[in-house]
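*Asks:* Dropping a prediction and its sequence here:
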2 protein chains.
Amino acid sequence: MQKVLRHLFVTEEEPLRSNWVGAFPSAQLSHWSSSQQSFQADLFWLVLPYDDGAGALIDLWKKIAGPSPLVALSDEPGDEEGISVLQAGASGYCNGYASPEVLRQVAHTVEQGGVWVGQSLVQKLVSAVARQASTPAAAAGGWAKVLTEREQAVAMAVASGASNKEIAGRLGITERTVKAHLSAAFEKLNVRDRLQLTLLINGLS
Amino acid sequence: MQKVLRHLFVTEEEPLRSNWVGAFPSAQLSHWSSSQQSFQADLFWLVLPYDDGAGALIDLWKKIAGPSPLVALSDEPGDEEGISVLQAGASGYCNGYASPEVLRQVAHTVEQGGVWVGQSLVQKLVSAVARQASTPAAAAGGWAKVLTEREQAVAMAVASGASNKEIAGRLGITERTVKAHLSAAFEKLNVRDRLQLTLLINGLS
DNA sequence: TCTCGGGTTGTACTTTCGTACAATGGCGCG
DNA sequence: CGCGCCATTGTACGAAAGTACAACCCGAGA
């Protein structure tokens, strides 16, 4: 780990550049503007432009970077941009104005072959995948397994947007009974209200 | 970063334990078996059992850990297990026999609020999401176009299961204002309550 | 038989949600 | 400058939702 790594930081924005230099004062680095001919580096930092097309940009630089990892920096990180960037093969995606400490953290992770991703993005990815995996009939979600038949019926009605009164009418029972089944479902599934129940059932939580 | 963090390493498997101690020889740590009464720690390491149910296990420990991050360690890491673990709210997932260096790396990442995920898992997540042709909600959109910026923010928060009070806190406004934005959104989108709003936004209605 | 889980319902209460009526301040625009 | 749109907040009230503490009926088992 004592090996000195060559970093290449690509951007035209001065504030970002100085922020980055603050994080790696001792690193040997090349600049975008300096030597256009030689892009040899062990780690590429690429600041994304405001307009979209981030994926294509990464694609382009991946060819230049070759086997070296590439981290995308964004002024305004967003989940969609992050997904396209990672899909294009970037090894990291984070805020360009991240603290030096975080930047070094990112560098360290990426150097070791890891992928650096922000928390919200990971959550989004995970939930999306989980949803996709469980959507088919299966109800594999498991949520159904712990509920009784009646609780399932009420829960599914709730998840479709029905009110307690509507459910009561639909199932031919009292609104009170609907509440009873719902409370039981909340407890078993560890959610606090019908909205979170809905998210859970639809695999969105 | 000089702050000494309390780690809690939970397992019954000696080889894993010693591997872990090797990674954090100087850390103050508590052991599962030692003081059952106090589970105060800044970082929880949880070794997953062979049988499944990893998600539920994480769920349980999340309650104990509170706001502190939790890292799941697996003898045989797999993408499915990783997904369920992350979905349950773990901040990291890696091989229990990872090198001390990697373990420290993980700790560092997680301590800073990051999420540590292996490369293959990230790739899987990303490709799965990409395959889904983006979110039908975001694409089908339309709903966002008719809402003001503020209304969108509140609507999205609601669609993620937040209560009015939580949204108010999150956006730094009054609960009353949240209600105002929500009422406006209901009217514009022609829905009657937050649950139907949620279904609409998530493309489930 | 007696216990146990599931389904049902009642009364009463707290909390949250949603709306009505209303006001203030900022901002762009003719 | 007035007008409209947006963001913000207040008070108040009715309607849902959710919880607490029950009770009763019924079928499957120990």
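*Replies:* Thanks, I have it.
*Asks:* From here on, just use CA atoms for contacts and neighbour counts.
*Replies:* Noted.
*Asks:* part of a helix, is A:Ser84?
*Replies:* Yes - counting by DSSP: H, G, I helix; E, B strand; the rest coil, A:Ser84 is part of a helix.
*Asks:* That one reaches A:Gly55, doesn't it?
*Replies:* Yes - A:Ser84 lies in contact with A:Gly55 (CA atoms under 8 Å); the separation is 5.3 Å.
*Asks:* mind giving me the domain split of chain A?
*Replies:* For chain A, automatic domain parsing gives the domain ranges A:6-125, A:135-201.
*Asks:* which one of those lies closest to B:Val71?
*Replies:* Proximity to B:Val71, assessed across the domains of chain A by CA to CA, is greatest for domain A:6-125 (13.5 Å).
*Asks:* which bits of chain A sit near DNA strand C?
*Replies:* With the criterion set to CA under 7 Å from any atom of the strand, chain A comes near DNA strand C through A:148-151, A:172-178, A:180-181.
*Asks:* Show me the shaky parts of chain A.
*Replies:* For chain A, applying pLDDT under 70 flags the ranges A:1-4, A:31-39, A:51-52, A:113, A:118-120, A:123-141.
*Asks:* and the residue located most distally from the centre of it, what are its phi and psi?
*Replies:* The centre of chain A is farthest from one residue, A:Gly172, which by CA atoms, centre = their mean lies 43.3 Å away. Dihedral angles of A:Gly172 (phi, psi; degrees, to the nearest 10) stand at phi 70, psi 40.
*Asks:* And chain B, is stretch A:91-107 touching that?
*Replies:* Yes - with CA under 8 Å from any CA of the partner chain as the measure, stretch A:91-107 is seen reaching chain B through A:102, A:105.
*Asks:* looking at the domains of chain A, which is closest to B:Val106?
*Replies:* The nearest among the domains of chain A, by CA to CA, is domain A:6-125 at 8.7 Å.
*Asks:* how about the residues of chain A near DNA strand D?
*Replies:* Counting by CA under 7 Å from any atom of the strand, the residues of chain A near DNA strand D are A:162-165, A:176, A:179-180, A:182-183, A:186, A:192-195.
*Asks:* Can you tell me the element A:Phe9 falls in?
*Replies:* strand A:6-10 (DSSP states H and E).
*Asks:* same for the helix or strand where A:Gly55 lies, what does it pack against?
*Replies:* For A:Gly55, the element it lies in under DSSP H and E is helix A:54-65. Applying 3 or more CA pairs under 8 Å, 6 or more residues apart in numbering or on different chains; DSSP states H and E, one finds that helix A:54-65 contacts helix A:79-87.
*Asks:* Is the helix it packs on positioned near chain B?
*Replies:* Yes - judged by CA under 8 Å from any CA, helix A:79-87 comes into contact with chain B at A:83-84, A:86-87.
*Asks:* Which single one of those is nearest to A:Gln112?
*Replies:* The closest of the residues of helix A:79-87 next to chain B, once distances to A:Gln112 are taken by CA to CA, is A:Leu86, at 16.9 Å.
*Asks:* Sketch out the strands for chain A, chain order is fine.
*Replies:* In chain A, the segments counted as strands under DSSP state E are A:6-10, A:28-31, A:43-47, A:70-74, A:92-95.
*Asks:* Need those in a markdown table (columns: mean neighbour count).
*Replies:* A markdown table is the format used below for those (neighbours: other CA atoms under 10 Å in any protein chain shown):
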| stretch | mean neighbour count |
| --- | --- |
| strand A:6-10 | 20 |
| strand A:28-31 | 16 |
| strand A:43-47 | 23 |
| strand A:70-74 | 25 |
| strand A:92-95 | 23 |
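*Asks:* Would you format those as CSV with distance to B:Trp61 included?
*Replies:* Formatted as CSV, those follow (distance: least, CA to CA, whole Å):
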stretch, distance to B:Trp61
strand A:6-10, 40
strand A:28-31, 44
strand A:43-47, 37
strand A:70-74, 33
strand A:92-95, 29
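*Asks:* out of these, which comes closest to B:Trp143?
*Replies:* Using CA to CA, the strands of chain A put strand A:70-74 closest to B:Trp143, at 26.7 Å.
*Asks:* For the residue nearest to A:Val115 when sequence neighbours are not counted, the count of nearby residues, please.
*Replies:* Excluding its sequence neighbours, the residue lying closest to A:Val115 (CA to CA, 6 or more residues apart in numbering or on different chains) is A:Ser91, at 4.8 Å. By the criterion of other CA atoms under 10 Å in any protein chain shown, A:Ser91 has 28 neighbours.
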